[in-house]
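> Need coordinates for the following:
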Amino acid sequence: MNKLTYNDFYNNMGLVGKTMMNPLIGATFPVRAWIGMGNRPHGDNLAAGYKTKIAGAANYDKLTTRPWEDVTGWIYVHPAAENTCTNAVVLIYDFQIQWFDVTENKWKLAAADAAGQRVPLNQKWWITNTFADDGAAEKIYPTRNNIPRFSNVKLSADRSAASSDASKYRLIHNGISRAPID
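From the prediction side, this is the model:
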């Protein structure tokens, strides 16, 4: 069995072929899966864009002088610019973050909870053009397996008819599967 490298994962993440609805100008993460700080786990590998574009930039100098302390997987669902679908939901399950432990020479899994569930239970809605927090995303359970689905449309009353009104749509975004690393 071949061992996968960072480049194997990175090259398979792919680009989104569509323009995003109200895109964040200059942001990379809405248009492709993204490994934000590469494969060198030290703070000096923190992207320079964090200093100018991200809230909390005051901590940039402090962050770049220390090694990573944990790894976090993020879910980000952003509707396409021409989207008119209001009555669909996104099901995300078995989301996994793994890292290679060189001391034990094996991959390790970061599980979201003590039961080993890797399902994003704490997603939030964010307003598409400002990225302002719009509260916890509603968990929709249409089947018996009790895995939540999340809609890009916040108001349930707006989910019954197709619409190109961008003000009805939200981003779904939050971190899961956090694990300490040394």
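
> what ranges do the helices span in this protein?
According to DSSP state H, the chain carries its helices in the segments 6-11, 49-53, 60-63.

> Out of the ones you listed, which gets the lowest mean score?
With a mean of 62, helix 49-53 has the lowest mean pLDDT of the helices of the chain.

> And for the residue lying closest to residue 109 once chain neighbours are set aside, the neighbour number?
Spatially, and ignoring its direct neighbours in sequence, residue 109 is nearest to residue 98 (5.4 Å; CB to CB, 6 or more residues apart in numbering). In short, each C-beta sits where N, CA and C put it, glycine included. The local packing of residue 98 (other CB atoms under 10 Å) involves 16 other residues.

> do the same with the one 10 residues further on
As a burial measure, the neighbour count of residue 108 was computed by other CB under 10 Å and equals 13.

> Tell me how far the nearest residue to it once chain neighbours are set aside lies from residue 147.
In space, residue 108 comes closest to residue 101 once its chain neighbours are excluded; the distance is 5.2 Å by CB to CB, 6+ apart. For residue 101, the distance to residue 147 (CB to CB, to the nearest Å) stands at 29 Å.

> Looking at the two now, which is surrounded by more residues?
For residue 101 versus residue 147, the count of surrounding residues by other CB under 10 Å is larger for residue 147: 17 against 12.

> my guess is the more buried one meets residue 94, correct?
No - using CB atoms under 8 Å, residue 147 is not in contact with residue 94, being 9.4 Å away.
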